[in-house]
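> the amino acid sequence is not available; the structure is as follows:
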Ligand SMILES: CC(=O)SCCNC(=O)CCNC(=O)[C@H](O)C(C)(C)COP(=O)(O)OP(=O)(O)OC[C@H]1O[C@@H](n2cnc3c(N)ncnc32)[C@H](O)[C@@H]1OP(=O)(O)O
């Protein structure tokens, strides 16, 4: 069946850009972390929808690292791409940058999210495999396998 066809990371990669507006700021005048998390969750979901050609739900968000802040007027670029697929789950890495007017990007956040493809009854459904071509894609895959094992251990130990 068509759903079993493996896909490349580049097939579902998404890049979006926002400009930080006053309504995006927290009381300290920085981009509100919750707003950035919403943008990250949204792009991860869209990458997963593109890869799986299915509805998806967020199962977990981990390894969300806020490295630097963003401020009013900043251009915030989010790049989402598949890092790993299981049977019905997909891990997506989202990197967030602030882009200056001369085009230089500074990394401000790295996140890894697990999205699960679901059928019309909300039950997990199989996803296409992922072709990892480049050395960095292979390294991401290997790191995702470790994160999956760490999630399994945390679940087992009740954390
Ligand atoms: C639109 C939105 O984004 S809504 C956001 C809020 N999210 C939700 O409401 C999701 C609520 N959670 C659920 O519905 C369920 O827990 C599901 C569908 C995610 C998983 O259902 P389960 O009955 O646990 O299914 P099951 O045990 O078969 O796991 C399915 C897959 O999800 C993975 N999974 C389940 N829970 C987690 C978790 N907490 N973290 C990471 N992966 C998970 C499993 O490892 C499995 O992956 P695999 O098939 O690739 O091996």
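On my side now, so go ahead. None of the values given here were measured: they were computed from a predicted structure. Numbering: from 1, shown residues only.
> and stretch 8-19, which residues are buried?
In terms of neighbour count (16 or more other Cβ atoms under 10 Å), stretch 8-19 has its buried residues at 9, 12, 14, 18. Any C-beta I mention is one placed from the backbone N, CA and C, and that applies to glycine too.
> which of the residues you listed fall within strands?
Residues of the buried residues of stretch 8-19 located in strands (DSSP state E): 14, 18.
> now the buried residues of stretch 8-19 in CSV, with pLDDT?
Converted to CSV, the buried residues of stretch 8-19 look like this (pLDDT from 0 to 100):
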residue, pLDDT
9, 97
12, 98
14, 98
18, 98
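> list the buried residues in the longest strand that the chain contains.
For the chain, the strand with the greatest residue count under DSSP E is strand 105-118. By 16+ other Cβ under 10 Å, the buried positions in strand 105-118 come out as 108, 109, 111, 112, 113, 114, 115, 116, 117, 118.
> helices of the protein, start to end?
Secondary structure of the chain (DSSP state H): helices at 9-12, 33-52, 135-156.
> quick check: which of the ones you listed is buried the most?
Comparing these by mean neighbour count (mean count of other Cβ atoms under 10 Å), helix 33-52 ranks first with a mean of 20.
> so for that one, mean pLDDT?
If you average the pLDDT over helix 33-52, you get 97.
> neighbouring contacts of it?
Residues outside helix 33-52 that contact it (Cβ atoms under 8 Å, 6 or more residues apart in numbering): 3, 7, 11-14, 16, 18, 24, 26, 55-56, 58, 61, 64, 66, 70, 76, 78, 80-82, 85, 90, 92, 94, 96, 109, 111, 113, 115, 117, 125, 127-128, 130.
> narrow these to those in strands?
In strands, defined here by DSSP E, the members of the contacts of helix 33-52 are 7, 14, 16, 18, 55-56, 58, 61, 64, 66, 76, 78, 80-82, 85, 90, 92, 94, 96, 109, 111, 113, 115, 117, 130.
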